[in-house]
Structures are given as C-alpha cells and as structure tokens.
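Participant: How does the following fold in three dimensions:
(chains A and B)
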Amino acid sequence: MSKEFDVIVIGAGPGGYVAAIRAAQLGLKTACIDAWVDSNNKPSPGGTCLNVGCIPSKAMIESSEMYEKAHHELASHGVKVSGVQLDLQTMLARKNQVVKDLTSGVSALFMANKITFFHGVGKLLAGKNVEFTAHGVQAAEILSGKNIIIATGSTPKAWPGAEFDHKLICDSTDALEFDEVPKRLGLIGAGVIALELGSVWRRLGSEVTLLKSRPGLLPDADPDVAAEAQKQFDAQGLKFVMGAKISKVEAKAKLVHVTYAGENGKEQTEKFDKLIVAVGRTPNSDVAAAEAGLKVNDRGFIEVDDYCRTNVPGVYAIGDVVRGPMLAHKASEEGVVVAEIIAGHKALPVDLATVPSVIYTHPEIAWVGKNEAELKKAGVNYNVGTFPFNANGRARALGNTVGFVKILADAKTDRILGVHIIGPQASESVAQAKIAMEFKASAEDLAMTMFAHPTLSEAVHEAALSVDGRAIHAVQKKKRK
Amino acid sequence: MSIEVKVPTFPESVADGTLVAWHKKPGEAVMRDEVIADVETDKVVFEIPAPQDGMLETIHVAVGATVLSGQLLATINASEGAMAKAVKPVAETSSSATEAQLAAPGTPPKVADDDKVMPAARKLISEHGLSAADIRGTGKDGRILKEDVQRHINGEGVSTVAMAVASGARSEKRVPMTRLRKTIATRLVDAQHTAAILTTFNEVNMQPVMDLRNQYKDLFEKKHGVRMGFMSFFVRAAVEALKRFPEINASIDGDDIVYHGYYDVGIAVGSPRGLVVPILRDAEDMSIADIESNIRDFGARAKDGKLSIEELTGGTFSITNGGVFGSLLSTPILNPPQSAILGMHKVEDRPIAENGQVVIRPMMYLALSYDHRIVDGKEAVQFLVTIKELVEDPARILLDI
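Facilitator: Down below sits the predicted model:
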C-alpha cells in the first residue's frame, strides 16, 4: 500500500522546505523528501543554502573579516591588539555549528508543522507517484501525492576536462572546508561565488588569482557599480586575469597547474595550492523517470510557466531547477506561491524582474531591478540619483565609507526602475528598494519617507532625493525648480 | 475682468458629461479658442475652448467629475496685468503660481485615511485638488501610484491598465466601463425591454453589384476620389424600400406613430471608444459617391472621437455591417426609437440553385430586425425582399421599379 499525501515536496532546500511549511500551514497533508546528510550521517535539511552555500559562506565571511579587522583596522579605532593569530579549526567549527543550528531548526519546523520527513532520495514516476529510497537502504517504496513540488536545486559545474578531485580541484563546498590556508589560491570564474570565496581566503592570507574567461567584471551589475567593485578588489590585492583562455588544468602531486593565455595572448602555466572552480551550477533535473513525462529543456532546466507549473498537471518545480536566477529567496517565494496555488488561493507569480541580488564581498554589492546599461539598451528615458557613503554620517562613524547608492527612475512617471548599492550593509538596504518597487513606488515616494538618523539607509533616501536633484548632503548639479 | 468658462449646452439626448482632462493649469496663459479642457459625453468628446485671451485663474471642476450643461468650469482673468503675470505653458510653474493655487479655496485634498494612496500620489492629488475616489489605482492591491495621478491629470485615465489576478490558469481582470460603454449597455437593454423585436432573414446574390463595381471602380474612384463600396448600394436600396414601406421609417412616440418624410440612415461604425452610429441626413438626395465619401469621413472621425453630437442623434433607420468582421449571420438590435435595422454580413461563395443548375455565387445573408409593435411581419419580409431585388438588379434603383 502506498502512502498518500496532498503534497510531496522533493528537496528541502530554501525552496522545498518553505513550500512544505506553507503547504502544511494551509492544512495540506504534506511530505518532504531530502537526501542531505551531515558529517554524522544524519539528515541535514536546508539544501545547498544552509549546508554549503549562503549560510556557511556568510559565517566564514564574517569570521575572516574579524580577522582582517583585528590586523588592520582596530588600531585606527584606538584598540590595540597584538599577537593576532588565526585558529582556522575554531573558525570552521563555528561555521559548522551555525549550519547545524539552522538545519536542526528546519527539522523542528517540520515537526511543528506535522510535515512527514523522508530522509533519502525521491524520484518522480508517472501518475504523480514518487519512488522513495531511504538513506542507506536498498528497497524503495512508493509515495503518492495529489501534487508534487520538485525543488531539487543545483550542483556546481566542473571545468571541462578537470573533474573535481575535492582535494586540489575543488568546488564551492570544498572551499568552505580547507583545513589550512592555501598559499596560492586559484579560482576559475569571477562571479558571486568566486568573489565571495576568493575574498574569504584572501583575508585569511591566500594570494588569490581569479581567472575569468570573458572580459569585464560583474556583467549583470550596473556599470558604475562594477567599475567601483573592480577598483576596490584591485586595491585589496585580488588578482584578476580577464579574458583568460584556459587550455589545461592538471592536478599534480601537491599542486594544480593551470595553463592559460591572458589578454596579451601569451600562454603561461601557474601553480596553485588549491583551485576553486566556480563557473556556475547545473540544475538537478534528473529527478524524474522518463515515464513521468516531465519536459526538461536543453540546458537541463525543468520547463515551467509563470506559476511554476510543469507540463504534467499537478507537478510543480521551483528554485534552481527552473528558469530564473539561482537564488535562495527566489526559490522560497516560488515555494510559497506554489503551495498557495495548490491550496486554491489566488496567487500572483513571482516577479522575476525584481529579484534582489546580493554579493557579500567587501564592500557589499546589492541591486534590484534594471541597471543603467539595460535601460539605455531598451531606450527608456530615466533619471539618475546617486549618493556616496562618504557623505553619510553613519558610514563615517563606522569607518566604512566606500561606495554609493544609485537609483534609476522613469523620466516621465518617476517610477523606480532599479536601485544599485555598493557599500556597507548593501544587502540590508536593498530590501528598502525592493519594498518600494514591490509597491511600484516613485522615487518621490521614497524621497517623501522619513528615515531614521544616523543610518546607512539615509543614503537610499538621499539618492531618491537626488533623482529630483535635491539631495541635502551633496552638492547637486541640477537645481530644483 | 473675470470671464467664466461654462459647459456648452448639451443636446437633449445627453444628460451630462464627464470632465476628462484639463489641458491648462491655474496660472497659465490661455489664448482665445485654445482648448483648455475636454468633456466626454455619452457620444462625443467636447473640446472646451477659451473664450478670450487671459490667464486661467481658477479651475472649479476636478478631472473625473460629472458636469451638466451650463455648469461653471473655470474662470479666466482677462485683465492685462493678469496676462503679463501668466505663466507660458512651456515655462516651469513659478512658486507664486503654486501659492495662488494652494490658497484658492474650495479644493481641499480629497484623500481619506483609508484610501490606498502612495505618498507622492497623495501630494499630487492634493496639489491638483483632485479626489482619490475618482482615480483608478494600478499599484499593489489597487493602490494609487504617482503615475496613476499623472495619467488622470493628462486625461489618460479612461483606458487605464488593468491588473490581472490569477489563480492557476484562470485569470480575470476588472476594468470600469467607460461612459460610452455604459450608454451602449443601457440603450441596448432598453431596446430589448420596450420594443417587440423580431428578425427576418433573406439572402442576396452579390454578383451583379460586384460586376458593376469591377467594371466601374477605377473610373468611379478617378471621378469621385473615393472607393466604390457595397454599403452605398444598400443605403440606396434601403431608401427605396423605405419609401415603399413607410412604417419601417416611422417611430412610436407615446401613443402615436410618427411617419418621417425624410430618410436619415444611421451607419454603425466601430471606433476605439465603442460603436457609434453617425447619420446620413436626407440619404434619398445622396448619390452613391456622396454616400461613400460620407461613410469614409465618419469612420475617420469616429476613430478620433471627433463626431459631433448632431451627427449622432436622430436617424430614422439604421444599417449595420457585421460582415466586415466576418459575421455570417446575426440578429441586429434596434436603435430606439427607430423601428428597424438592416444587418449586412460577409460575402461568401456558396452553391445555390439557379434555373435548375447548381452554381457558385457570392452570397450575403441579410437580416432585418424590426419592432413588431408597428411593423407587421408581411411588410418586414416584403421590405427585405425589396432590398434584395434592388441590390441584385441595381438598374431597378435607377428606374424606380
């Protein structure tokens, strides 16, 4: 006899566990299948995000920044320290504890919401049946669901011809577990993950080289933001090889040899103690058996409509395994929408055009909506308002004055089209921009809103005022009428 | 010297109108005959011109408000001092003008606490003395955005973007009816309620008219500067038939039947604002070319909402052509107080029997809906047969047989 549910969620990452909790809240009999195991061979729900992505990387970012501050910054605040040492084992253990606290939190939420958790692998069969193979067990059982939500996420892509050996040629997961600081660290890729991980190990003492096959840093960011970021990273000592044509990646006894031609076209071989390959992620769309009839596109994404419905009625897919940015918050929102649709609510599709993006480098980079290059290309008339953090009182007090806020608004309607932030706590300030855009706010709406003083958020307020040429704490070229 | 700008006198059939746009702001200079506001009625948009040069002093009616004939819309100050002070429309609004506007009594911001209005929109509503209740919000949960108010002020509010809300595949959108749509709706239901509507059908072989057209269309176009269509033949045929069946050109007024001694034929024309029925006055005196060029002119002006009220009122009989949209057969609805309406349809090659042989002919179905209260079935059928015979043999129109 098969076990029957209203909803079976395959995957307990930020898409899947959120979908399961929302479905359960709405009174649906919900099951969630997840195969993730921790170092003790115990279930560890939370997916890439909690286990090896967003959360542990942020823990390492914070710790490595502490270390760097202790070295270089505390003295300027009048705090004298001496004999600063790195205890990498403690740093890693702390990070692991953060992960464990959060994953067990997910388990607790499952229990509290009466979600049946299946630890193992789920495979979608025909007729909305799911073949479940429990972790460490051979025999499979069949679960049947009125609705299925596929939330199987993605895995790091390997460099062609250089499979991960997880010792020298590493993925982003390995890069959070190095048991000593690599002297020379190479990264293939210069995207979000590469920049964050490269920054962590640079602060801890590595010489970091990022090899990027295409020219130009952060092509999806606003051009002004990308230029400022490049300037800051260069000053920090991150070495970039743009337009690198990598011909060979070879793991020798203790070193990785990477042969590449830089922009000058001259081929050279560089040796690294570790190489992190961060060139994107592949959707885990092999979740369905052929007879399930699920449509998968040639790039491996499960095909869905705006409401995350696959071609099979009653089967939904969310998060990294479908189109759109591979971001935890996007997956979570899709999970909520799908759970609500299943429960018969009128749900609106997730607005993929205003998914906030964040890069946890120093300075942080965050944006939502369109950037200036996109608006130019689309021929949209817009006004720009910018405000630098060096004119913001709180940033000054923090001693963290790099960067700016830039707001783009429609020239005719004043509707906010994009907000781009590089600077302290950009990840937090961008939420204000997203709230405004969620309400289709005009720049004037933000400008008319009172912000507490002194805060970093005031830079958002001033940038909104600056759209109309009336920022208070900056000299404006355009005079107010 | 203050000059009052009033709503012009509406025709009897028009009860009231809506002020849809102000083209000038208080404090701005206006020139004589320059359009300062638009008033939309059930049928047309009236452009309100400035009666004299001067400065627009006060606006008394907000965009979206209902206005009556003769109602005071605005005051223009025509003194020389005011004209000197007046802001040219291209110039930016000066601060003194803003003060004057704020100080003007009678325009408190009409935004209730529970109205869903974004902050900048609230400010703009207050500045323009508008009412939030009149503005359609397109923001989250129907919130009024700054751009909604801008659209409202610019008179673009009539065709606001509708928000789609969907649950799974089933989506729906809610759009308020325009005045024109509301009028159409009311009139159609009234027609159904008051008249005893019946429809009779026939069909017409279009071959003779098509032959005639093929033979003369170039010459016709060269001489008259207008293309030769089918509609004019039907208008001429209808006028001839109306002469023979006067009940169909009559209307009921209370307990009386009024027989009209003139033939004013309404031609239904699609426009972006909805269906309008401009009238060909004294169609019996019109040549085929007159009819064609008038219909063409109606179509062009209907598109711009430029038909006058006079052109849209009255009419003793109507013709509607669903064929241009591909309709094979339909039952038109009366345009009260008229007693009948002719429905034309699409021309289609069909096999028919002719002299015992099956032949292919370009055929068109005709429908005549009539008010059975004054038109008897026999007359209606014969009327339609007459039209059929005249169109199938256009020479009869000429010979009056």
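Participant: At the contact with chain B, which residues of chain A appear?
Facilitator: Proximity of chain A to chain B (C-beta under 8 Å from any C-beta of the partner chain) is limited to residues A:307, A:309, A:341, A:344-349, A:410, A:412-415, A:438-442, A:444-445, A:447-449, A:481. All C-beta spots, glycine's among them, are computed from the backbone N, C-alpha and C.
Participant: For ChimeraX, what selects the buried ones among those?
Facilitator: A single ChimeraX command selects the buried members of those (16 or more other C-beta atoms under 10 Å in any protein chain shown):
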select /A:307,309,341,347,410,413,414,415,439,440,441,442,444,445,447,448
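Participant: hang on, residue A:236 packs against residue A:198?
Facilitator: No. With contact defined as C-beta atoms under 8 Å, residue A:236 does not count as touching residue A:198 (9.8 Å).
Participant: More neighbours: which of these two?
Facilitator: The neighbour count for residue A:236 versus residue A:198, taken as other C-beta atoms under 10 Å in any protein chain shown, is higher for residue A:198 (28 against 15).
Participant: doesn't residue A:187 make contact with the more buried one?
Facilitator: Yes. Applying C-beta under 8 Å, one finds residue A:198 in contact with residue A:187, separated by 5.2 Å.
Participant: Find the residues that touch each one of the two.
Facilitator: Common neighbours of residue A:198 and residue A:187, counting by C-beta atoms under 8 Å, 6 or more residues apart in numbering or on different chains, are A:208, A:210, A:276.
Participant: From those, list the buried ones, please.
Facilitator: Among the shared contacts of residue A:198 and residue A:187, those buried by neighbour count (16+ other C-beta under 10 Å) are A:208, A:210, A:276.
Participant: Nearest residue to the middle of chain B?
Facilitator: By C-alpha atoms, centre = their mean, chain B has its centre lying nearest to residue B:276, at 3.6 Å.
Participant: Show me which helix runs longest in the chain.
Facilitator: Reading this off chain A. Taking DSSP state H as the criterion, chain A has its longest helix at helix A:88-112.
Participant: wrong one, chain B
Facilitator: Criterion DSSP H: the longest helix present in chain B is helix B:207-224.
Participant: can you list the domains in chain B?
Facilitator: For chain B, automatic domain parsing gives the domain ranges B:1-107, B:109-176, B:182-399.
Participant: And the average pLDDT for the first one is what?
Facilitator: For domain B:1-107, the mean per-residue pLDDT is 72.
Participant: ditto for the last one
Facilitator: In this model, domain B:182-399 carries a mean pLDDT of 89.
Participant: so what's the residue of the stretch 101-250 of chain A found nearest chain B up against?
Facilitator: Among the residues of the stretch 101-250 of chain A, residue A:147 lies nearest to chain B; the distance is 11.6 Å by C-beta to the nearest C-beta. Residue A:147 is in contact with A:6-8, A:128, A:314-316, A:342, counting by C-beta under 8 Å, 6+ apart.
Participant: what's the closest of the residues you listed to residue A:202?
Facilitator: Proximity of the contacts of residue A:147 to residue A:202 (C-beta to C-beta) peaks at residue A:316, which lies at 41.0 Å.
Participant: pretty sure that closest one is in a helix, no?
Facilitator: No. Read with DSSP: H, G, I helix; E, B strand; the rest coil, residue A:316 is strand and lies in no helix.
Participant: got the residue ranges for the helices in chain A?
Facilitator: Here chain A has its helices, by DSSP H, at A:16-25, A:47-52, A:54-72, A:88-112, A:192-203, A:223-236, A:328-342, A:372-378, A:393-398, A:426-438, A:443-447, A:458-467.
Participant: got a list of contacts for the longest one?
Facilitator: Applying C-beta under 8 Å, 6+ apart, the contact partners of helix A:88-112 are A:12, A:17, A:20-21, A:32, A:38-39, A:43-46, A:50-51, A:55-56, A:59-60, A:63-64, A:117, A:176-181, A:204.
Participant: now those: which count as buried?
Facilitator: The neighbour-count test (16+ other C-beta under 10 Å) marks A:12, A:17, A:20-21, A:32, A:43-46, A:50-51, A:55-56, A:59-60, A:63-64, A:117, A:176, A:178, A:181, A:204 as buried among the contacts of helix A:88-112.
Participant: Report how many residues lie close to the closest residue to chain B within the stretch 151-300 of chain A.
Facilitator: Using C-beta to the nearest C-beta, the closest approach of the stretch 151-300 of chain A to chain B is made by residue A:295 at 16.9 Å. Using other C-beta under 10 Å, the number of residues around residue A:295 comes to 12.
Participant: Same check on residue B:372?
Facilitator: Applying other C-beta under 10 Å, we find 14 residues neighbouring residue B:372.
Participant: residue furthest from the geometric center of chain B?
Facilitator: Centroid-distance maximum for chain B: residue B:356 at 47.3 Å, with C-alpha atoms, centre = their mean.
Participant: Now do that one against chain A, distance only.
Facilitator: 58 Å (C-beta to the nearest C-beta, to the nearest Å).
Participant: for stretch B:3-16, which positions count as buried?
Facilitator: By 16+ other C-beta under 10 Å, the buried positions in stretch B:3-16 come out as B:5-7, B:10, B:14.
Participant: gap between the two ends of that stretch?
Facilitator: Separation of the first and last residues of stretch B:3-16 by C-alpha to C-alpha, to the nearest Å is 23 Å.
Participant: Check stretch A:35-55 too.
Facilitator: 19 Å.
Participant: Stretch B:342-350 now?
Facilitator: End to end - C-alpha to C-alpha - stretch B:342-350 spans 22 Å.
Participant: Only the buried residues of it, if you could.
Facilitator: Within stretch B:342-350, judged by 16+ other C-beta under 10 Å, the buried ones are B:342-347.
Participant: ok, the residues you listed vs chain A, which is closest?
Facilitator: Relative to chain A, and with distances defined as C-beta to the nearest C-beta, the nearest of these is residue B:346, at 36.8 Å.
Participant: what's the closest non-adjacent residue to the closest one?
Facilitator: Nearest non-adjacent residue to residue B:346, counting by C-beta to C-beta, 6 or more residues apart in numbering or on different chains: residue B:323, 3.8 Å away.
Participant: was I right about the one you found contacting residue B:332?
Facilitator: No. Contact criterion C-beta under 8 Å: residue B:323 and residue B:332 do not qualify, at 12.0 Å.
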